[in-house]
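In: quick one: sequence plus predicted model below, questions after.
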Amino acid sequence: MNAFSPPPPVRRRRRVGGVLALAALFGGVLTAPGAVAADGDDPAPEQIVNGDFSAGTAPWWSTANAPVAVVDGRLCAEVPAGTVNPWDAIIGQNDVPLVAGESYTLTYTASSTVPLSIHTNVQLATEPYTTDLAETDHIGTEDTSFTHVFTATADRDAAQVAFQVGGGAAATTFCVDDVSLRGGAEPPVYVPDTGSPVRVNQVGYLPEGPKTGTLVTEATDPLPWKLKAADGSTAASGTTVPRGEDPTSRQNVHTFDFSDATATGDGFTIEADGQVSEPFSIRGDLYDGLRSDALAYFYQNRSGIAIDADLVGEEYARPAGHLDVAPNKGDTDVPCQPGVCDYRLDVRGGWYDAGDHGKYVVNGGIAVAQLMATYERTLTADGAESAELGDGALRVPEHGNDVPDILDEARWELEFLMRMQVPAGQPLAGMAHHKVHDANWTGLPMRPELDPEQRQLHPPTTAATLNLAATAAQCARLYAPFDKAFADKCRAAAEKAWAAAKAHPDVLASPADGVGGGTYEDGDVRDEFYWAAAELFTTTGADTYRQALLGSPLHGDVDAAFPADGGIWWGGTAGLGVLTLATVPNDLTAAQLADVRGVVTAAADRYEAQTEDQRYGVPYAPKNLNYAWGSNSQVLNNMIVLATAADLTGEAGYRDAVLRGADYLFGRNPLNQSYVTGYGERSSQNQHHRFWAHQSDPSLPHPPAGSLAGGPNLTAPTSGDPEAGQKLKDCAAAMCYLDDIGSYATNEVAINWNAPLAFIASYLDDAGDGTGPERSCRVTYSSHPWSTGSTTTVTVKNTGTESVSPWSLTWLLPGDQKLSHTWSAEIAQYGRTVTATPLTWNRSIAPGASVDFGFNSSITGPAADPGTVKLNGRACTAG
């Protein structure tokens, strides 16, 4: 590399890359003595030439925009204002030799006239610029000394030490002195700070739910424990159960159960083995805020719209990203990669996928499907409530449009997905482009409105096309009551995508297409075909899709839908189709429906058993302890299966397993870590994200409350993640996690990880104190058949203490019914969805009072009771 050529970002990531801004580890320490020779007497040889600058500037170099000179014995660079990336201005030295496996200590002293965050790298001097050290250092106006210890991963004859000082808004003078790099250091030993050995859900427990925890101890005999209230009194006590070594952490553990304690309040702790847990609450409203926070994540990651401070607060507000405002190249007129197509598309909107600014149809597909499923559950599950998802309930700018806020949020992504469809008249018309992202990786941090890279469309794929077909079909049935034109648009896009996928069933993403964005390659799309067929069949009832379902080799296969050692993920979506078929009214026969629901409960039985068997109660048991990239999303997706089984059967064991999964995510785990920002005393704060990058740049915010970290990843040390590579060698599976912005393999955020969190947050909030939501209404559904149809009378009684005015009753029609003559209410039917609203004379229902209304329907014989009916979004008692 020419001494004056700045290095581009590292391109070794599987999903999200860039020159990685890394900083001091949150939640752990690295310990190592100074660099000394092998005999411990003399310092090891110095690898830096002229590190005190007594001989002038040589052999140091800088980029042309940051000229250097020796001033008062220090090397000072004039760094210009307005650079975008850290590597836009560099001071460096080349030809630094490194020996594989040798540990080195880099030290230096620096100051800046304007506070500055820099990247301190030891790396290859040429492509691919592989880093052995990549740290972010915060440089202040006073001289400060920095020390970094690292181990070289390969022999390098001519490595580079680089201080990347670009990316600042203001011009500054950066000065460095006493630069030293010596070998002979002891390899750094990372010791995670796990806090108390008494591991609990740091958010808390529901009064009527299970309450369990784990104690890390060397003891082999049972130990006494006490539940202490905030005032110091003992609320409960018992003894632990020794469980031996936990294979996921290599810790010797006991478990304890205080489920019989029903006292409520805040500030509870567990005392055991002379140690005290983090504080927690026992309350029925523990998760009131989590539903809203988990869903606000999506608004804050919208592309193509300014994020409003009135909704999210000043520190999270920002201008719109990727709308053709310089330096953005924008998403309104995007070309394809060279050689892919000769047209351009407007693909504005959607959600940024994860820590970068790419937008991916397959990841957006599963994420938006699960947001829509969160809403659809309120129509199908007796204990689910839609009021907290309704118009005005969430942090979105579309308030006041009479559309549930969660559907407003989902629409932002759905509009983008449909824009990714290949237009008519083009080769592969009807298919969907796999992704759109920057032509090159950007650095970290990087606000979206400052991204200068050209955006490019990548080739269409069958997987992306089927994601569009599935989500657009789901859209068609859910939006019909609120915007029929949009619902019709979704249905047309879904059917066009299905036809295109059938015509091109094996157009796959290239595993080599990973410059500037993740590849998201998928070599088996049978699961996407199954999922899309399930959604299209549920929405349309068409026999084409029924046959595609029943003829799929995946139909009825529990392992294909819900793997015992994994779960639903973007590359394995058959389970999404199964959940839809099991819960949403459709035209399967009674026997076929029973078989589908049996797949759900069989999977749930396995996951429930895992929560009972595993020392930390987690519904996730991957083969060979292979905790996957984004393992926390696998945990949550398994919890969705458990929650669905609970909705279908009413069995408390499934609900309890969901709650034990929540315990794991919120602190009852080997690291004593809550993986959801803002929830628990020890929550993740430094997830990998280009805007929520406080660890890299103190002027930027931490991730907002409700942001889920990816979680332990057994392959992280060998993934190219430099932080994991240095600190997590030989980590136990459930310990392979760092709360560090540089650890993209363990600590990234992503839309497809927060989506199942939003679903589960809604489920947990609906659970109330653990016995389900309070009911303040009763609905009686009486049907009387006649020769060519039936007459149904509905009675709604207010069993609460406050008047209900106005009222709205919603339910899904079982079977293929068409409503005709109606009386005493305004009744609208959209597919299977029916909504009844009052007339002027029965607008209010006083406490203890009832209203009656009715309709005729086309069904012959008694009309089946819909089972789940919601009054103003709240579940009613039947009968």
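Out: Now that the structure is in, tell me what you want to look at.

In: what about Thr788, how many residues close to it?
Out: Thr788 is flanked by 9 other residues according to other C-beta atoms under 10 Å. For every residue, glycine as well, the C-beta is placed using N, CA and C.

In: next, it: phi, psi?
Out: phi -120, psi 10 (degrees, to the nearest 10).

In: and it, what's its pLDDT?
Out: pLDDT recorded at Thr788 is 81.

In: got the buried residues for stretch 561-573?
Out: 561-573 (16 or more other C-beta atoms under 10 Å).

In: that one: how far from the chain's middle?
Out: How far stretch 561-573 lies from its chain's middle: 16 Å, per C-alpha atoms, centre = their mean, to the nearest Å.

In: with stretch 726-744 instead?
Out: 18 Å.

In: would you mind writing the CA trace of that stretch as PDB?
Out: C-alpha atoms of stretch 726-744 as PDB (Å, rounded to 0.1, in the frame of the first residue of the first chain):
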ATOM      1  CA  GLN A 726      -8.900 -12.000  21.200                       C
ATOM      2  CA  LYS A 727     -11.100 -12.500  24.300                       C
ATOM      3  CA  LEU A 728     -13.300 -15.500  23.800                       C
ATOM      4  CA  LYS A 729     -10.800 -18.300  22.800                       C
ATOM      5  CA  ASP A 730     -12.000 -21.600  24.200                       C
ATOM      6  CA  CYS A 731     -15.100 -20.000  25.600                       C
ATOM      7  CA  ALA A 732     -17.900 -22.200  27.000                       C
ATOM      8  CA  ALA A 733     -20.900 -22.100  24.600                       C
ATOM      9  CA  ALA A 734     -23.200 -19.900  26.700                       C
ATOM     10  CA  MET A 735     -20.200 -17.700  27.700                       C
ATOM     11  CA  CYS A 736     -19.200 -16.700  24.200                       C
ATOM     12  CA  TYR A 737     -20.600 -13.200  24.400                       C
ATOM     13  CA  LEU A 738     -19.100  -9.700  24.800                       C
ATOM     14  CA  ASP A 739     -21.000  -6.500  25.500                       C
ATOM     15  CA  ASP A 740     -18.700  -4.600  23.200                       C
ATOM     16  CA  ILE A 741     -19.600  -2.600  20.100                       C
ATOM     17  CA  GLY A 742     -16.800  -4.300  18.100                       C
ATOM     18  CA  SER A 743     -18.200  -7.800  18.700                       C
ATOM     19  CA  TYR A 744     -20.600  -8.100  15.800                       C
END
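
In: can you mark which positions in that stretch are buried?
Out: Within stretch 726-744, the residues scored as buried using 16+ other C-beta under 10 Å are 726-728, 731-744.

In: just the buried residues of stretch 561-573 now: which is nearest Asn440?
Out: Trp570 (23.8 Å; C-beta to C-beta).

In: contacts only, for the closest one.
Out: Going by C-beta atoms under 8 Å, 6 or more residues apart in numbering, Trp570 touches 362-363, 365-366, 520, 522, 752.

In: got a markdown table for those, with pLDDT too?
Out: What follows is the contacts of Trp570, written out as a markdown table (pLDDT from 0 to 100):
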| residue | pLDDT |
| --- | --- |
| Val362 | 98 |
| Asn363 | 97 |
| Gly365 | 98 |
| Ile366 | 98 |
| Tyr520 | 96 |
| Asp522 | 96 |
| Asn752 | 98 |
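
In: distance to Val396 for those residues - can I get that in JSON lines?
Out: Formatted as JSON lines, the contacts of Trp570 follow (distance: C-beta to C-beta, whole Å):
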{"residue": "Val362", "distance to Val396": "24"}
{"residue": "Asn363", "distance to Val396": "21"}
{"residue": "Gly365", "distance to Val396": "20"}
{"residue": "Ile366", "distance to Val396": "21"}
{"residue": "Tyr520", "distance to Val396": "27"}
{"residue": "Asp522", "distance to Val396": "31"}
{"residue": "Asn752", "distance to Val396": "20"}
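
In: those residues: which two are farthest apart?
Out: It's Asp522 and Asn752 that sit farthest apart of these, by C-beta to C-beta, at 13.4 Å.

In: in helices, which of the buried residues of stretch 726-744 appear?
Out: Here DSSP state H is the test, and these give 726-727, 744 as lying in helices.

In: hmm, back to that, in CSV: the buried residues of stretch 561-573, plus distance to Ala110, pLDDT and secondary structure.
Out: Converted to CSV, those look like this (distance: C-beta to C-beta, whole Å; pLDDT from 0 to 100; DSSP: H, G, I helix; E, B strand; the rest coil):
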residue, distance to Ala110, pLDDT, secondary structure
Ala561, 55, 97, helix
Phe562, 53, 97, coil
Pro563, 50, 93, coil
Ala564, 53, 88, coil
Asp565, 48, 88, coil
Gly566, 46, 90, coil
Gly567, 46, 92, coil
Ile568, 48, 97, coil
Trp569, 43, 97, strand
Trp570, 42, 98, coil
Gly571, 44, 97, coil
Gly572, 48, 97, strand
Thr573, 49, 98, coil
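
In: among those, which pair sits farthest apart?
Out: It's Ala564 and Trp570 that sit farthest apart of these, by C-beta to C-beta, at 19.2 Å.

In: packing partners of the helix or strand harbouring Lys502?
Out: Here Lys502 sits within helix 484-503, counting by DSSP states H and E. Using 3 or more C-beta pairs under 8 Å, 6 or more residues apart in numbering; DSSP states H and E, the elements in contact with helix 484-503 are helix 405-419, helix 462-478, helix 526-540.
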